[in-house]
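Colleague: using only what follows, build the 3D model:
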Amino acid sequence: MEARASTRFVRISAQKARLVVDLIRGRPVGEALNVLDYTPKKAARILAKTLRSAVANAEDQQNVDVDDLYVKRAYVDEGPTQRRVLPRAHGRATRILKRSSHLTVIVDEKTSPES
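Modeller: Residues are numbered from 1 along each chain as shown. Next up, the predicted model:
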């Protein structure tokens with residue numbers, strides 16, 4: 001059984017967050033958390049919190065062993081974009097796009113081969 005956790009409306013662009021998500025997809029949970037702890041990006045802290053929440057959901061709902069969990073799917077979708085205006089020379093204006101994103105992490109139990 002898989003467990004999921006999502007964090008919505010995070011103030012980081014989806015393009016920047018996808019760089020970090022690609023690092024942990026398919027890895028065991030312990031290894032993924034180690035990678036995120038040593039990744040110097042803002043998205044790494046947010047994603048680590050979401051991953052810990054997915055692990056807690058799996059532990060609470062399905063009573064699985066945390067050591068057997070791995071990151072089955074992890075993806076980032078674009079959220080709403082806030083538009084701001086910056087005044088420029090000669091009465092012009094430049095639009096500033098403050099992007100947001102939605103993070104989703106799905107963990108599943110690694111099935112061991114039956115002997």
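Colleague: tell me who's in contact with the nearest residue to residue 28 once chain neighbours are set aside.
Modeller: Of all residues not flanking residue 28 in the chain, residue 70 sits nearest, at 4.9 Å (C-beta to C-beta, 6 or more residues apart in numbering). Bear in mind the C-beta positions are built from the backbone N, C-alpha and C, glycine included. Residue 70 is in contact with 26, 27, 28, 29, 32, 107, 108, 110, counting by C-beta atoms under 8 Å, 6 or more residues apart in numbering.
Colleague: redo that, cut-off 10 Å
Modeller: When contacts are counted by C-beta atoms under 10 Å, 6 or more residues apart in numbering, residue 70 touches 24-32, 107-110.
Colleague: ok, the residue lying farthest from the centre of the chain to residue 68 distance?
Modeller: Most distant from the centre of the chain: residue 90, at 42.0 Å, with distances by C-alpha atoms, centre = their mean. Going from residue 90 to residue 68 by C-beta to C-beta, to the nearest Å gives 63 Å.
Colleague: now for residue 37: which residues touch it?
Modeller: By C-beta under 10 Å, 6+ apart, the residues touching residue 37 are 44, 45, 48.
Colleague: what are the ranges of the strands in the chain?
Modeller: Using DSSP state E, the strands of the chain run over 3-10, 69-78, 82-87, 93-98, 101-109.
Colleague: residues of the second one that come out buried?
Modeller: The reference is to strand 69-78. Neighbour-count burial for strand 69-78, counted by 16 or more other C-beta atoms under 10 Å, picks out 69, 70, 71, 72, 74, 75, 76.
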